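Engineer: Let me see the structure of the following:
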Amino acid sequence: MNSQEERQWIARCREGDREAFGPIVNAYMKRAYFTALGMLGDGEEAYDISQEAFVRAFRAIRGFDPSSDFAPWFFRILRNLCLTALARRRSRGVDSLDEMAEEGREPDAGERFRPDLLAERSEAAERVWRGLAALDPKSREVIVLKDLEGYRYREIAEILGVPIGTVMSRLFHARQKLKAKLESGEGLRAV
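Structural biologist: This is a model prediction of the structure:
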């Protein structure tokens, strides 16, 4: 879908046309799911959160500035829901992926990254996913947005609500942390 078509669908949504939101969901659902998966590390939770993000976006669409790009606005909603889910997970006493990685403990099947959903299982892919799981949420999200989802620096800055320089700095440091974890094998035991 090109940007003009997207703006037309959004205009119809803003007028209350529920059916017009379908093409928008179809255009973004895969990226939304994989972004949530990258941040949360749980396939079922990522699916639920990405669906909730679409519901919230539709409910708030009248407040969306039609002169802006939809993607950064939508992915801010998704990001906030992911961060809330991570905070809720911690408050319920459920181990975060970060804590499990620090302890050298592997997540169980319901908590684990599922690289088979993204690509054929391979040792290298699993090591990268375990490395991502071992990163702090801010580092993980910037790598997911840039390296896995392919967003431009400007788009990431809009999604995160930070200057482009901050995005570049976070990405540089996040990549360094991931590289160090992969080289050292820290918290990357095989599943």
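
Engineer: Next one: Phe172 relative to Leu86, how far apart?
Structural biologist: 23 Å (CB to CB, to the nearest Å). Heads up, the C-betas are built off the backbone N, CA and C, glycines and all.

Engineer: any weak-confidence spans in the chain?
Structural biologist: Where the chain drops to pLDDT under 70, the residues are 92-125, 186-191.

Engineer: mind listing the helices for it?
Structural biologist: 3-14, 21-40, 43-60, 70-91, 97-103, 123-133, 137-143, 153-160, 164-184 (DSSP state H).

Engineer: ok, back up a step: more neighbours, Phe172 and Leu86?
Structural biologist: It is Leu86, of Phe172 and Leu86, that has more neighbours when counted by other CB atoms under 10 Å, with 19 against 11.

Engineer: Just want to check the distance between the closest residue to the more buried one other than its chain neighbours and Leu81.
Structural biologist: Distances taken as CB to CB, 6 or more residues apart in numbering place Pro137 nearest to Leu86, at 6.0 Å, with adjacent residues excluded. For Pro137, the distance to Leu81 equals 13 Å [CB to CB].

Engineer: Also Met39?
Structural biologist: 10 Å.

Engineer: Could you list the buried residues of stretch 10-18?
Structural biologist: Ile10, Arg12, Cys13 (16 or more other CB atoms under 10 Å).

Engineer: Pretty sure the last one sits against Ala20.
Structural biologist: Yes: using CB atoms under 8 Å, Cys13 makes contact with Ala20 at a distance of 4.8 Å.

Engineer: Just give me the neighbour total for Ala27.
Structural biologist: Ala27: 16 neighbours (other CB under 10 Å).

Engineer: Leaving out chain neighbours, which residue sits closest to Ser139?
Structural biologist: That would be Ala174: by CB to CB, 6+ apart, it lies 3.6 Å from Ser139.

Engineer: er, Ile61 actually
Structural biologist: Cys13 (4.7 Å).

Engineer: Could you give the backbone dihedrals for Tyr151?
Structural biologist: For Tyr151, the backbone dihedrals (degrees, to the nearest 10) come out as phi -70, psi 150.
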